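Student: based on what follows, work out the 3D shape:
(2 chains)
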Protein chains: 2
Amino acid sequence: MESLMNAAEEQQPPSALADPWSLKPESSKNQKPKGVGGFVLVHAGAGYHSESKAKEYKHVCKRACQRAVDRLKAGALAVEAVAAALVELEDSPFTNAGMGSNLNLSGEIECDASIMDGKSLHFGAVGAISGIKNPVLVANRLLSEAQKGKLSAGRIPPCFLVGRGAHDWAVGHGIPPCPSEKMATKFSLSAYKRNKRKMELAEKMETGHKQAKKRRQSSENENGSGCLDTVGAIVVDLEGNVAAAVSSGGLAMKHAGRVGQAAHYGCGCWAENACNMNPYSTAVSTSGCGEHLIRTMLARECSAAVQSEDAHQALLEAMQNKFISSPFLVGEDRVLGGVIVLRCCRCVEAQPSKHIQGILVEFLWSHTTESMCVGYMSAQDSKAKGIGNTVVLERAAENTAAPAKPHTALRSSHVLSWAQKPEELDVPYLFTPPHWMQNKGPALPPPPPPILLRLE
Amino acid sequence: MESLMNAAEEQQPPSALADPWSLKPESSKNQKPKGVGGFVLVHAGAGYHSESKAKEYKHVCKRACQRAVDRLKAGALAVEAVAAALVELEDSPFTNAGMGSNLNLSGEIECDASIMDGKSLHFGAVGAISGIKNPVLVANRLLSEAQKGKLSAGRIPPCFLVGRGAHDWAVGHGIPPCPSEKMATKFSLSAYKRNKRKMELAEKMETGHKQAKKRRQSSENENGSGCLDTVGAIVVDLEGNVAAAVSSGGLAMKHAGRVGQAAHYGCGCWAENACNMNPYSTAVSTSGCGEHLIRTMLARECSAAVQSEDAHQALLEAMQNKFISSPFLVGEDRVLGGVIVLRCCRCVEAQPSKHIQGILVEFLWSHTTESMCVGYMSAQDSKAKGIGNTVVLERAAENTAAPAKPHTALRSSHVLSWAQKPEELDVPYLFTPPHWMQNKGPALPPPPPPILLRLE
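Tutor: Coordinates of the predicted model:
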C-alpha cells in the first residue's frame, strides 16, 4: 500500500501527542471561537445515486456545506454547524432523510437521526420518529438538554427517544410538527408503490415455487441499494472541536418501528475531541445497511482506527477487517456501507518565533457500495479555488456492480489533507490526489476516477 | 491488588489460546449439546433492594436459574436457556421488567429488552414496547428470524424494533399481546403516584425559589435508585457457547419513548464465543442508569476487558476507568451501574492419557449501586451443596449510601471459578471466596460481607 505524505505533514509536525491541545487559543474561554475557520464534510449516502440526479446531489451537498460554513463564520461551535448541515440535507426531497424519506411497509415515514459533540462527548438520538421535518433537530435538542444536567426530582434526562414519545417530546420543546403526508414526495410515493409490487410478486413467486423455507436466499439483489442514501456530516471548528451527525429515512419497505444505525450510539456517527489518550480529534458519519453498521459499530471502530499514524491505511484496514470481513457479518452475502472520516490535530509552525497555530485536517471516505456522494468546504475561504469546495459523486466500474460477499471489496478510498493556517491564507489547501486501494480479494478492474463536480 | 488463583486454574491450564475450541465435542455437529452441563448467572438489578423483599428476590432468582438449567438439561443451547431465565425474571411482579415494570411519565409501561448469541453473534432488541408480557421473547424472535437470512424481495431483516411497530411485529409472529393494565401491579401503581407527587412538589419548590435555571442541580438524590433494577442473565452451555440477555422497564417517570441500555447494542448485554482473536468466551449483562450504560457501552467494554489474564483485576479496572472515571461521564455526579460477567475456556485434564475435557468458568460481578442481587446455578448438579446454587443480595455499608461523584466507587466486586468436568463429578465446584477491592478514591469503610441466601 502506497504511503501518502503531503506537504502539510512534512511542514507541520503535530505538537506533543501527550497533550495536543495544550496551546488553546484564548477564545476557548468564551465558548465561541473567534476569527474564521473550520471545515465541513458532508455525505448524501453510500448506495446508488442516479446519474440523472447528479446535479441535485451536487446542489444539496453544496448548500449543506454552505449552511455549516455560515454557522462557523458566525462563531458557532462544531455541533451547531453540523446540525445546520443536516437540516439542509434532510430538507432535500432527493435524499433519504427528513423530506422525501423512504416509506416503510405500512406506507409511513419513520426517521432516525443522531448527533454527537466531540467536546462534551454528549449524544442525542431519535428513532422511528414520524411527523417531524428535521429529526436531527430533535436529536440535537436532546443533546443540549442533557448537557444542562438533571431534570426535576433528580430524573436523568434521556439521550434516546423513539416513536410517538419522541414526537411529543419534540413538540413539547418547541419543534413544530409536520404532517407526514407533506414529508412524502412524488418520488418516494412512486418508489413505495414500485417496491410493494415487487415484494408482492416476489412473495407470490416464492409461494408458487414452494420455496417458502428457502425464500430468503432467493432474491438478494432486489433490495435497491438506492434506498441506502442516509445523509450525514462531520465538522471541525476553529478551536479544533469536532462534531458528527447522521439522519436517515431507513431501508425502503422496512417494518414499522425498525430503527437503523442512524439512531444507534457508536454506529451512525461518532465524535471525540483529542484528549490525553487520543492524539487526534476524530469525527465519523456512516451510511449503508443499518443492520450491518449496527452489528459492527462502524462509526466508533473507524474513529478508534484513525488514531494510528497512517489514517488512510488504518481506515482501509478497519473497513476490511471490522466491516467486510467482520466476524459479526459472517452470514451476510453483501456488506453495504460507507463512511466519511475527519481527523485533526493542532500543529505549530516550524519557525518557533512566529507562534502560528494551525489545525491539520485530514478527511477520508471509503465505501463498499456502488456510489457515494461526498462534499466538503472550508470556512476559511468558501470561495477558494482548487479543491477546497468540491462535491464528489463517485461510481464504481460497471462490472463490479454486484459482487457476492467473498468479492465484496472497498470500491474506493480517499484521503485528502488540508491545513488551516489563520495567518497565512496564501497556502490554505494542500491536496493529496485520490488513492485507489489494492483490493485484497480477487482482482477487480480499477474503478474509474471520481467525477469531480466543482461547486460554482 | 491480591492476585486470585484457584485450584482449577492451577490444575487445568487453558489449551492453546490460538484456537481454544479446537477440541469440540461431537455434539457440536448436531447443534444440540449431548449430556448435561452448563451454567447460568442471573441478576435482579443493581440499585436498591428492600430488605423486606429479600425473600422474593431470592425466589425469583432461583426460579430463573432453574428455568435456564431445565432448558440446558433438555439439550438447549445457551441462547434458549438465557431467554428462559429472562422470562421468569420478567414475570415476577417484584422486578422492574415485564410484569410490574416502572410506569413512565404518562402512566404507561414501555419496556426494553435485548439478547445476544455468542455463537452466531446475532443480536435482537426491542425498545419502548408496550402490551407484551415478555419483551425478551420478541428480542429473541428478532434474533432467530435474522439468522434465517433475508426477507422476501431481498429485504434485510430488522435487529431492532421499537414502539407500536415492535408490538405489531411481535403479535404478527405469534407472541400474544397483553393488556397494559394487566402488567401494572399494586406496587408499580403506588410507586407511580408517589413519584408523581414528589416530582410535582419538586417542580413547585423550584419555581417557588425562582431557581428554574438551577433546578437541575438541586435534587440529585431523589431519583430512587430502587428504580434501576433491570434484570438479566448470562449462560454457558455444555458446548461452551455463551449467550446474554437483559430486560428493563426503564427509569421511573421516564419520558414516553425513552429507550435505555437494555435495548442498546453493546450496552445492555454482550456475548461472544472464543475465536482466533479472543481466547475466552465472554458474556455480560448490565444494570443501572441506562444513559450512563449507553454512553460508556459498558457491556462490550467489560467483555473486551476480561480477555486479559486476570479477569477480576481487568473487570475492576474496566469499572473504574471505563465507567466511574469515564471521560464520557465527566459531568455526572453519580455513576450508577452493575455488571455480571462470565468468561470461560475449554481446558484439558493435565494427564494427557485421559483426554478429559472440561470448561473452566469464571463468573464475576461488580456494582457502584447500593445493592445488587445475583443468583447462579449449575446445570450439572442443580441440587449440589456448597456454593453451586446461591443467591447473593448484597448491600453496601450504610455510611457509603450516597457518595458524590468523586467518591463514587465500586461497592464490591467478586470472582468465583467453577470447573465443569463431565467425567469427574466428585469435584464439580471450585470456589474462590469474595474479594473486596481496594478503592482507588478516598478511603471507604469496607462493605459488609454479602448476605448469602442459600437456595432450598
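Student: quick check: residue A:42 is in a strand.
Tutor: Yes - secondary structure of residue A:42 (DSSP: H, G, I helix; E, B strand; the rest coil): part of a strand.
Student: quick one, grab the pLDDT at it.
Tutor: For residue A:42, the pLDDT comes out at 92.
Student: quick one, phi/psi of whichever residue of the stretch 101-250 of chain A sits closest to chain B?
Tutor: Using CB to the nearest CB, residue A:165 is the residue of the stretch 101-250 of chain A that sits closest to chain B, at 1.8 Å. Where you see a C-beta, it was placed from the backbone N, CA and C, and this is true even at glycine. Torsion angles at residue A:165 (phi, psi; degrees, to the nearest 10) stand at phi -60, psi -40.
Student: element containing the residue nearest to residue A:132 when sequence neighbours are not counted, please.
Tutor: Leaving aside its chain neighbours, residue A:132 sits nearest to residue A:170 (5.4 Å; criterion: CB to CB, 6 or more residues apart in numbering or on different chains). Assessed by DSSP states H and E, residue A:170 sits inside helix A:163-172.
Student: show me the contact partners of that helix.
Tutor: Helix A:163-172 is contacted from outside by A:110, A:126-132, A:137-138, A:141-142, A:158, A:161, A:177, A:257, B:104, B:110, B:128, B:162-165, B:255-258, using CB atoms under 8 Å, 6 or more residues apart in numbering or on different chains.
Student: residue A:244 falls within a strand, correct?
Tutor: Yes - judged by three-state DSSP, residue A:244 forms part of a strand.
Student: can you pull the contacts of residue A:147?
Tutor: Neighbours of residue A:147 in contact, by CB under 8 Å, 6+ apart: A:120, A:122, B:331.
Student: and these, which of them are buried?
Tutor: By neighbour count, with 16 or more other CB atoms under 10 Å in any protein chain shown, the contacts of residue A:147 hold A:120, A:122 as buried.
Student: quick one on the thing from earlier: buried residues in the helix holding residue A:170?
Tutor: Within helix A:163-172, the residues scored as buried using 16+ other CB under 10 Å are A:163-170.
Student: interface residues of the stretch 301-450 of chain A facing chain B?
Tutor: Counting by CB under 8 Å from any CB of the partner chain, the residues of the stretch 301-450 of chain A lying close to chain B are A:327-328, A:330-331.
Student: related to what we said a few turns ago, for the residue nearest to residue A:132, give its distance to residue A:359.
Tutor: Distance from residue A:170 to residue A:359, counting by CB to CB, to the nearest Å: 34 Å.
Student: equivalent analysis for residue A:184, please.
Tutor: Between residue A:184 and residue A:359 the distance is 42 Å, computed by CB to CB.
Student: swap in residue A:327?
Tutor: Using CB to CB, we find residue A:327 at a distance of 37 Å from residue A:359.
Student: and these two? which has more neighbours close in?
Tutor: Higher neighbour count among residue A:327 and residue A:359: residue A:359, with 23 against 15, using other CB atoms under 10 Å in any protein chain shown.
Student: who does that one bridge with?
Tutor: Residue A:359 forms beta bridges with residue A:346, residue A:420, as assigned by DSSP bridges.
Student: what residues of the longest helix along chain A count as buried?
Tutor: Longest helix in chain A, counting residues (DSSP state H): helix A:186-208. Across helix A:186-208, burial judged by 16+ other CB under 10 Å covers A:188, A:191-192, A:195-196, A:198-199, A:202-203, A:206.
Student: could you dump it to PDB, C-alpha only?
Tutor: Provided in PDB are the C-alpha atoms of helix A:186-208 (Å, rounded to 0.1, in the frame of the first residue of the first chain):
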ATOM      1  CA  LYS A 186     -43.800  12.100  -5.700                       C
ATOM      2  CA  PHE A 187     -40.600  10.100  -5.900                       C
ATOM      3  CA  SER A 188     -40.900   8.400  -2.500                       C
ATOM      4  CA  LEU A 189     -44.500   7.500  -3.100                       C
ATOM      5  CA  SER A 190     -43.900   6.000  -6.600                       C
ATOM      6  CA  ALA A 191     -40.900   4.100  -5.200                       C
ATOM      7  CA  TYR A 192     -43.100   2.800  -2.500                       C
ATOM      8  CA  LYS A 193     -45.700   1.500  -5.000                       C
ATOM      9  CA  ARG A 194     -43.000   0.000  -7.200                       C
ATOM     10  CA  ASN A 195     -41.300  -1.700  -4.200                       C
ATOM     11  CA  LYS A 196     -44.700  -3.000  -2.900                       C
ATOM     12  CA  ARG A 197     -45.500  -4.600  -6.300                       C
ATOM     13  CA  LYS A 198     -42.000  -6.100  -6.500                       C
ATOM     14  CA  MET A 199     -42.400  -7.500  -3.000                       C
ATOM     15  CA  GLU A 200     -45.800  -9.000  -3.700                       C
ATOM     16  CA  LEU A 201     -44.500 -10.500  -6.900                       C
ATOM     17  CA  ALA A 202     -41.500 -12.000  -5.100                       C
ATOM     18  CA  GLU A 203     -43.700 -13.500  -2.400                       C
ATOM     19  CA  LYS A 204     -46.100 -14.900  -4.900                       C
ATOM     20  CA  MET A 205     -43.300 -16.500  -6.900                       C
ATOM     21  CA  GLU A 206     -41.700 -17.900  -3.800                       C
ATOM     22  CA  THR A 207     -45.000 -19.400  -2.700                       C
ATOM     23  CA  GLY A 208     -45.600 -20.700  -6.200                       C
END
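Student: what helices and strands are in contact with it?
Tutor: Of the remaining helices and strands, none touches helix A:186-208 by 3 or more CB pairs under 8 Å, 6 or more residues apart in numbering or on different chains; DSSP states H and E.
Student: so for it, mean pLDDT?
Tutor: On average, the pLDDT along helix A:186-208 is 85.
Student: buried only: go through the contacts of helix A:163-172 for me.
Tutor: Among the contacts of helix A:163-172, those classed as buried by neighbour count (16+ other CB under 10 Å) are A:110, A:126-132, A:137-138, A:141-142, A:158, A:161, A:257, B:104, B:110, B:128, B:162-165, B:255-258.
Student: quick one: low-confidence ranges for chain A?
Tutor: Within chain A, the set of residues satisfying pLDDT under 70 comprises A:1-36, A:206-229, A:347-358, A:381-456.
Student: can you do 80?
Tutor: Applying pLDDT under 80 to chain A flags residues A:1-37, A:46-54, A:205-229, A:346-359, A:370-371, A:380-456.
Student: quick one: the helices in it, in order.
Tutor: A:7-11, A:54-73, A:78-91, A:135-147, A:163-172, A:180-183, A:186-208, A:290-296, A:298-305, A:311-319.
Student: contacting residues for the residue in the stretch 251-400 of chain A positioned nearest to chain B?
Tutor: Going by CB to the nearest CB, chain B is nearest to residue A:257 of the stretch 251-400 of chain A, at 1.8 Å. Contact analysis of residue A:257 by CB under 8 Å, 6+ apart lists A:110, A:128, A:163, B:161-169.
Student: and it, backbone torsions?
Tutor: Torsion angles at residue A:257 (phi, psi; degrees, to the nearest 10) stand at phi 90, psi -10.
Student: for it, which non-adjacent residue is spatially closest?
Tutor: Nearest residue to residue A:257, sequence neighbours excluded (CB to CB, 6+ apart): residue B:165, at 1.8 Å.
Student: what distance do you get for residue A:188 to residue B:64?
Tutor: Distance of residue A:188 to residue B:64, given as CB to CB: 46 Å.
Student: and what of residue A:264?
Tutor: For residue A:264, the distance to residue B:64 equals 29 Å [CB to CB].
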